[in-house]
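In: okay, structure incoming, though there's no sequence with it:
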């Protein structure tokens, strides 16, 4: 019987893999030009307003692609009709359609894959001044469920303080919009999953349903029907969370065995859940939520009981129902879950949380109580809103305990560390961890010679894999990051010293528009993920070309306690408020200054010709620090926002370079033909924002580059540009097509 089942399993696996290969052949979007479209569609999600923008999902009702859009409304669009929309509304309007961006930076988030995993095919942007017209209402049970979800979330936001409301809506409905600071606190503490619905939450719901069914003396078939109905509604309420779908399928599979008198093993149920999810949403395979959810459960199934029996034997724990047995079981459950999520955590977030183990053990039970209480309280608040002080007391107290405890354990976040480069460190370390856990759980028997030889070979190969990069000669690596309309470059020297030249930041506000409409901090969204993914957890020095936000803001954020910085180098007497700190020394540099790393990478300062006093904004560009990075025979020139006047004063001998970072994002005010002839670069890099309002890069600049036969790469189109050199040959890699 085993052989036919094995064959069937292999056939199913091949079908799923083939389906994935056909439909998931691209993890970055194909080339696509933004265009204006007239649309008619159904609002298919909650209207979310956060970070000075409004977003929702729109299902296209026309018989053409794309099927679904992620709609983003400009933060300056004050049309009240848009924010008043509800799921099921049929609307008509005009917007700008484009594809979501893929992974544009090392360690960056692949928004394209994220949307595709939800069957969302394109993005639709409604700029300031645009409007939509509601032309009808689409009625279905699904939109009725979403309407209830809307009311419960609104009741929660009205009844509780913002942080408590954010926590409760997160664990109950997977609603993660809102308090960015709170999300960061939970992430630093290694318990970010607490803010999202998970399989554990689904388990609590299942327990509640089973208790009620037993109370009403329902038989197994009626209990199964009730459980299936509740779980289907819960899946819709949580926005089709992967973890909830996985847990629901496994729970229903397990309970169906009880109904039909068949044994259903957990691994088979897990495989069924994965097959169903990937057949419907194949792009989920590449998301952190899928990998972490299935990784945690797989590790629990494989390791939890074997580890428990071996550890219990060592500590002479005979009964799992005793206090010692329960404590050991809780600790091992958290540990096996961490083991299962470790590879995905390092691959996607590039940080390892040591304190997360403590946080999980102590907080998960409290979160479970808060979840059950909230399910009871929120419907009561919906029916009796005047009693919110009474009904909301317990959830408010529990939320406060969870938030305060998170702040407490966050003080130990210095114990967290970056995971390093995936190929060099994460992958081999994950394999070694898996081998160790398999051994600890008893799957590897060292009394068998075959297992001894296999283990020795595996550990030897992985050790060589990890040691080899440290033994081989190092190379200079420069990454021009995609920070939108700004500049940022990360430099790693052959012996592992790390520097940055500029750090991107917020695009200056348009005159007449609010200056508060800022995106998430550039250090959190781009710089730290890029640094951590490269195994960089400190910077030996940072160069700030000039005091404009699109160059300096990101570095100011890093210096403000985000990451250790050895020294700050500036040209003008810097008047940035965050640089009035005392813990990082500041050095002012002028022409002919040299900063040399211990492994002889030379940073030559070519401009300004003298130290400069603080300057107003309109005089900053022409006093940008111009830096030439030299390693052996290869030279890389960074010009900041230096314009034509500065270019004319730089001598030809000092500016000759193999790679030129084009000045001022490709503006017409820089990069003259005469300057290009002086530099004679083999490659130019233009750091520029997609669809920026300045029209950068200027067509004339591109024409000059083409005329001088200088190839160029653009961060808006090519993503981050990575250059690696041994001092003789430069290898180029881009992070987008």
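Out: Cool, the structure landed. As the structure is a prediction and not an experimental result, all values here were calculated from the model. Numbering: from 1, shown residues only.
In: use CA for all of it now, contacts and neighbours both
Out: Noted.
In: give me the distance from stretch 112-119 to the chain's centre.
Out: Distance, stretch centre to chain centre, for stretch 112-119: 14 Å (C-alpha atoms, centre = their mean, to the nearest Å).
In: do me a favour and get the end-to-end distance for stretch 150-169?
Out: 11 Å (C-alpha to C-alpha, to the nearest Å).
In: contacts for it?
Out: Contacting residues not belonging to stretch 150-169 are listed as 46, 175-179, 182, 195, 370-371, 374, 378-379, 381-382, 385, 388-389, 392, 396, 399-400 [C-alpha atoms under 8 Å, 6 or more residues apart in numbering].
In: before we move on, what about stretch 303-320?
Out: Judged by C-alpha under 8 Å, 6+ apart, the contacts made with stretch 303-320 from elsewhere in the structure are 324-326, 328-329, 332-333, 336, 437-438, 440-442.
In: buried ones in that stretch?
Out: By neighbour count, and taking 16 or more other C-alpha atoms under 10 Å as the criterion, the buried residues in stretch 303-320 are 303-304, 306-308, 311-312, 317.
In: let me have these in CSV, adding secondary structure and pLDDT as columns.
Out: As requested, the buried residues of stretch 303-320 are arranged in CSV below (DSSP: H, G, I helix; E, B strand; the rest coil; pLDDT from 0 to 100):
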residue, secondary structure, pLDDT
303, helix, 89
304, helix, 90
306, helix, 90
307, helix, 90
308, helix, 90
311, helix, 88
312, helix, 89
317, coil, 85
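In: which single one of these is nearest to residue 244?
Out: Proximity of the buried residues of stretch 303-320 to residue 244, judged by C-alpha to C-alpha, is greatest for residue 304, which lies at 21.3 Å.
In: report the two of the contacts of stretch 303-320 separated the most.
Out: Maximum pairwise distance in the contacts of stretch 303-320, criterion C-alpha to C-alpha, is 24.1 Å, between 324 and 438.
In: and stretch 157-174, which residues are buried?
Out: Of the residues in stretch 157-174, those with enough neighbours to count as buried (16+ other C-alpha under 10 Å) are 157, 159-160, 163-174.
In: any idea of the mean pLDDT in it?
Out: Stretch 157-174 shows a mean pLDDT of 90 in the predicted model.
In: same check, this time on stretch 635-648
Out: For stretch 635-648, mean pLDDT is 94.
In: again with stretch 664-678
Out: Stretch 664-678 shows a mean pLDDT of 94 in the predicted model.
In: over to stretch 117-129?
Out: On average, stretch 117-129 scores 82.
In: list the buried residues of it.
Out: In terms of neighbour count (16+ other C-alpha under 10 Å), stretch 117-129 has its buried residues at 117-127.
In: what's the local residue count around residue 218?
Out: Other residues within reach of residue 218 by the criterion other C-alpha atoms under 10 Å amount to 14.
In: could you look up the SS state of it?
Out: Three-state secondary structure (criterion: DSSP: H, G, I helix; E, B strand; the rest coil) places residue 218 in coil.
In: how far away is it from residue 226?
Out: 9 Å.
In: repeat that for residue 259.
Out: The gap separating residue 259 from residue 226 is 13 Å, by C-alpha to C-alpha.
In: what touches both of the two?
Out: If you check residue 259 and residue 226 against C-alpha under 8 Å, 6+ apart, no residue is contacted by both.
In: pLDDT weak spots in the stretch 551-700 of the chain?
Out: Residues of the stretch 551-700 of the chain meeting the criterion pLDDT under 70: 573-582, 611-618.
In: is it true that residue 685 touches residue 716?
Out: No - with contacts counted by C-alpha atoms under 8 Å, residue 685 stays clear of residue 716, the gap being 10.8 Å.
In: give me the phi and psi for the residue of the chain most remote from its centre.
Out: Among the C-alpha atoms of the chain, the one most distant from their mean position (C-alpha atoms, centre = their mean) is that of residue 217, at 46.5 Å. Note on residue 217: its backbone torsions stand at phi 60, psi 50 [degrees, to the nearest 10].
In: one more: residue 134?
Out: The phi/psi pair for residue 134 (degrees, to the nearest 10) reads phi -80, psi 120.
In: list the contacts of it.
Out: Under the criterion of C-alpha under 8 Å, 6+ apart, the neighbours of residue 134 are 89-92.
In: not counting its neighbours along the chain, what's nearest residue 249?
Out: Excluding the flanking residues, the one nearest residue 249 by C-alpha to C-alpha, 6 or more residues apart in numbering is residue 273, at 5.6 Å.
In: could you pull out the helices for the stretch 451-600 of the chain?
Out: Secondary structure of the stretch 451-600 of the chain, counting by DSSP state H, counting those that start in this stretch: helices at 522, 528-533, 549-557.
In: how many neighbouring residues does residue 257 have?
Out: Taking other C-alpha under 10 Å as the neighbour definition, residue 257 ends up with a count of 13.
In: that one is in contact with residue 268, isn't it?
Out: No - Residue 257 is not in contact with residue 268 according to C-alpha under 8 Å; the separation is 11.9 Å.
In: nearest to residue 583 among the contacts of stretch 303-320?
Out: Taking the contacts of stretch 303-320 together and measuring to residue 583 by C-alpha to C-alpha, the closest member is residue 336, at 40.2 Å.
In: tally of neighbours for that closest one?
Out: Other residues lying near residue 336 total 23 when counted by other C-alpha under 10 Å.
In: same check on the one 4 residues further on?
Out: Other residues within reach of residue 340 by the criterion other C-alpha under 10 Å amount to 25.
In: and this structure, what are its domains?
Out: The record's domain split for the chain, according to automatic domain parsing, is 35-138, 146-416, 422-471, 476-508+519-734.
In: now the terminal residues of the first one, how far apart.
Out: Pointing back at domain 35-138 there. Across its full length, domain 35-138 reaches 27 Å end to end, with C-alpha to C-alpha as the criterion.
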